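Trainee: what's the 3D shape of this:
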Amino acid sequence: MKATVPYNIDYCEIVEKELQIKFAGNEMRLNGWGDADNHVYLSDNVLVLAEIENGQKHPQANVLKLWPYLEEEKTVRIILIHWLTRFSDPKISPNRKKLCEFTGNKLETLFPGRFKYILLKDQQYQEELKQAKKFIKELTNQ
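Mentor: Have a look, this model is predicted:
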């Protein structure tokens, strides 16, 4: 696995601090569906993935690739932290942002108790990370 690129580390460190977790510091392969920017296993089947958008113009692909992965990996539970940074946010069309949220919400419906989508926009992340922390507690106490 490749190391997480340096410009993503700063964002991951904010998430680590807020959620009291420690990412692996490298990308994670998703069974041929793509790679996640960073990850941490909280237990054998509870996984936090980070996707940090710095230049991506099609961020919905980073949400969509988890659909087939969840279909294949029947026991894994995922919290996806998807951060649209100030560098990428202006470049992403509104319909693509909307598609990220739609896809994330759809996956939550298709995989109840197994998937949580947390969308962070630039500096607006406090409340969203509180949701993630709550979901992590729910998943790790099951």
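Trainee: Show me which positions of the helix or strand of the chain with the lowest mean pLDDT end up buried.
Mentor: Lowest on mean pLDDT, DSSP states H and E among the helices and strands of the chain sits helix 126-140, with a mean of 88. For helix 126-140, a neighbour-count test (16 or more other CB atoms under 10 Å) marks 128-129, 132-133, 135-136, 139 as buried. For glycine as for every other residue, the C-beta is placed from the backbone atoms N, C-alpha and C.
Trainee: could those residues go into JSON lines alongside distance to I14?
Mentor: Formatted as JSON lines, those follow (distance: CB to CB, whole Å):
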{"residue": "E128", "distance to I14": "12"}
{"residue": "L129", "distance to I14": "8"}
{"residue": "A132", "distance to I14": "12"}
{"residue": "K133", "distance to I14": "13"}
{"residue": "F135", "distance to I14": "18"}
{"residue": "I136", "distance to I14": "16"}
{"residue": "L139", "distance to I14": "21"}
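Trainee: Grab the two from those residues that are most spread out in space.
Mentor: E128 and L139 (16.6 Å; CB to CB).
Trainee: so where is this structure shaky, pLDDT-wise?
Mentor: Applying pLDDT under 70 to the chain flags residues 89, 142.
Trainee: 90 instead, please
Mentor: Low-confidence segments of the chain, defined by pLDDT under 90, span residues 1, 7, 44, 54-58, 84-94, 97, 121-127, 131, 135, 137-142.
Trainee: Can you list the residue ranges for strands in it?
Mentor: With strands called from DSSP state E, the chain shows them at 28-29, 35-36, 38-41, 46-53, 77-84, 115-121.
Trainee: All set, thanks.
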